[in-house]
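> here is the input, now give the coordinates:
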Amino acid sequence: MKLHKLVFILFFSVFAYSVSAQTANELRRKKEAIERDIEQLEKSLNKTASGKKLTLQQINTINAQIRLRQDKIGTINSEIKNLDSQISQNTNTVHTLQGQLGDLKKEYAGMIRFAQRNRNSYDKMMFIFAAKDFNQAYKRIKYLQQFSQYRKKQAGYIENTQQDLNGKIKILDKTLREKSDLLKEQERERERLGKDKNQQSAVLNNLSKQEKTFKQDIASKKKQQAQIDRAIRAAIQRAIEEARRKAEEEARLAAAKEAAARAAAIAKAKAENKPVPVAPPAAKTKTSSEALTATPEAARLSEGFENNRGKLPWPVASGQITERFGLHKVDQASYTNDGVDITTGDGATVRAVFSGKVVMVQNIMGRTAVVISHGEYFTVYQNLRGVSVSTGNSVDTKQAIGTVANTDGVPLLKFQIRRVSAPLNPEAWISK
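Residues are numbered from 1 along each chain as shown. A predicted model of the protein is given here:
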């Protein structure tokens, strides 16, 4: 029973350690990804900060850097909690192994004392010959043989348990050192976060000095974005009208076929002096969503896009979201982002996040925007250069459609997802 208990404890501790190791690896990978993002944002910030003029991109980059720094501190906290769990678990295992080792040693000492009392052959022979019959003598012979074998096994158990105990103590020492290193790293990140927030305060103080220029800059960007949004809505409307025209043409042909069949049925009914068939109700006008998914191919695209919510690939291979979806207020200025802004590397390739059909490629004020239809869903890619697709082209998931252009010296992609014309938050659709 003691042996079974020991085996169970060791099995459970190994299983729990493997689970903890898996969690630790996941947290470590997440932290490394955050560190890469922070490093890239710092490079972008150095570019934007080198100019005297304060830009919206600079403010967004600092805010994104603070968010990432807070995420990293949260990840470190999770790592520390995971290590605390391992430390507690390994400490309990060490105590259990120490108790088991003590019991095994006591039991082994008892066997040694017994063996000492019966150490010569004469004592063993007397023990066997003292049996009352042959059957009992045979059992005593087997007992002595099994006792000798068990004593050897017991010595092996003691040795293995001691090795396991030493291994657990080493793991415990290593875990304690890792926790100490993480606590130091956490303290460093808190200091860096404090510096980032001081930088944010300095930038916002500087903003008050450049308020007029900054407001003009935002007004110019809003005007440019409004022009792009009008072009996007027009492209989506054209796609809806084209889908509706095709649906109506198919419905007209189906109605003509139905009318011919009904006319033949009426003629036959009159000739046979039977009741004339009642005319079917007129078809209802399709909604925009119904028109966009009227064909089986479009319906499959739309369903496939919807089923990949939260799993769509990013439109660039690497990058950080520096401006989120929705309303934003900076000092006295406010504006709405119908998508997200992704800061990426110089010359980064922009990719389609899902298969579909290109419905717009348009250059507006020196920047190209691409709109791709996926049934009733549309994805929008703004601030491109070197576009490699044309209107009417079919594209596959992750197919290159162009290269990201720079805004205020930083490569920035503006990305939107729309259902018909309503904007959706892309962070809910692309993979985490």
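> please count neighbours and contacts with C-alpha atoms only from this point.
Will do.
> and the helix or strand where residue 216 lies, what does it pack onto?
In this assignment (DSSP states H and E), residue 216 forms part of helix 211-271. Applying 3 or more Cα pairs under 8 Å, 6 or more residues apart in numbering; DSSP states H and E, one finds that helix 211-271 contacts helix 288-292, strand 333-337, strand 356-364, strand 367-374.
> most packed of those?
Mean neighbour count (mean count of other Cα atoms under 10 Å) peaks for strand 367-374 among the helices and strands packed on helix 211-271, with a mean of 25.
> who are the neighbours in contact with residue 69?
Residues in contact with residue 69, defined by Cα atoms under 8 Å, 6 or more residues apart in numbering, are 34, 38, 189, 193.
> please, which helix or strand holds it?
helix 56-117.
> quick one: average confidence on that helix?
For helix 56-117, the mean pLDDT works out to 77.
> how about residue 73, nearest residue that isn't a chain neighbour?
residue 186 (6.2 Å; Cα to Cα, 6 or more residues apart in numbering).
> for that neighbour, report the pLDDT, please.
At residue 186, the model reports a pLDDT of 82.
> what helix or strand is it on?
With DSSP H and E as criterion, residue 186 is part of helix 134-209.
> state the distance from the nearest residue to residue 396 once chain neighbours are set aside to residue 432.
Excluding the flanking residues, the one nearest residue 396 by Cα to Cα, 6+ apart is residue 355, at 4.1 Å. Distance, residue 355 to residue 432, by Cα to Cα, to the nearest Å: 20 Å.
> just to revisit the earlier point, quick one: which of the helices and strands packed on helix 211-271 is nearest residue 384?
Closest of those to residue 384 is strand 367-374, at 4.9 Å (criterion: Cα to Cα).
> quick one on the thing from earlier: of the contacts of residue 69 - the most surrounded one?
residue 38 (21 neighbours; other Cα atoms under 10 Å).
> so that one sits against residue 67, correct?
No - applying Cα atoms under 8 Å as the test, residue 38 and residue 67 come out as separate, 9.7 Å apart.
> follow-up on the earlier one: residues contacting the residue nearest to residue 73?
By Cα under 8 Å, 6+ apart, the neighbours of residue 186 are 73, 76, 77.
> how near is it to residue 180?
Counting by Cα to Cα, the gap from residue 186 to residue 180 is 10 Å.
> with residue 378 instead?
Distance from residue 378 to residue 180, by Cα to Cα: 49 Å.
> kindly report the same for residue 29.
Distance from residue 29 to residue 180, by Cα to Cα: 19 Å.
> cool, and residue 68?
Residue 68 is 23 Å from residue 180, by Cα to Cα.
> who has more neighbours out of these two?
residue 68 (20 against 13).
> surely the more buried one and residue 38 touch.
Yes - when contacts are counted by Cα under 8 Å, residue 68 is listed as touching residue 38 (6.7 Å).
> in the stretch 301-432 of the chain, which spans are strands?
320-323, 326-330, 333-337, 340-343, 349-351, 356-364, 367-374, 377-385, 394-395, 400-404, 406-407, 410-419, 422-424 (DSSP state E, counting those that start in this stretch).
> who wins for proximity to residue 295 among these?
That would be strand 367-374 among those, by Cα to Cα, at 12.2 Å.
> quick revisit: what would the contacts of residue 186 look like in TSV with distance to residue 386?
Formatted as TSV, the contacts of residue 186 follow (distance: Cα to Cα, whole Å):
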residue	distance to residue 386
73	39
76	41
77	44
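> wait, which of these is closest to residue 368?
Closest to residue 368, out of all of the contacts of residue 186 and judged by Cα to Cα, is residue 73, at 38.2 Å.
> what sits against the closest one?
Contacts of residue 73 (Cα under 8 Å, 6+ apart): 186, 189, 190.
> just the closest of the residues you listed to residue 364, please.
residue 189 (41.9 Å).
> got the contact list for the closest one?
Residue 189 is in contact with 69, 72, 73, counting by Cα under 8 Å, 6+ apart.
> kindly report the same for residue 180.
So residue 180 contacts nothing (Cα under 8 Å, 6+ apart).
> quick one: least confident helix or strand in the protein?
Within the chain, confidence by mean pLDDT, DSSP states H and E is lowest for helix 121-129 among all helices and strands, at a mean of 58.
> list the contacts of stretch 423-432.
For stretch 423-432, with Cα under 8 Å, 6+ apart as the criterion, the contacting residues are 308-314, 325, 338-340, 415-418.
> just the buried residues of it, please?
For stretch 423-432, the neighbour count (16 or more other Cα atoms under 10 Å) marks 423, 424, 425, 426, 427, 429, 430 as buried.
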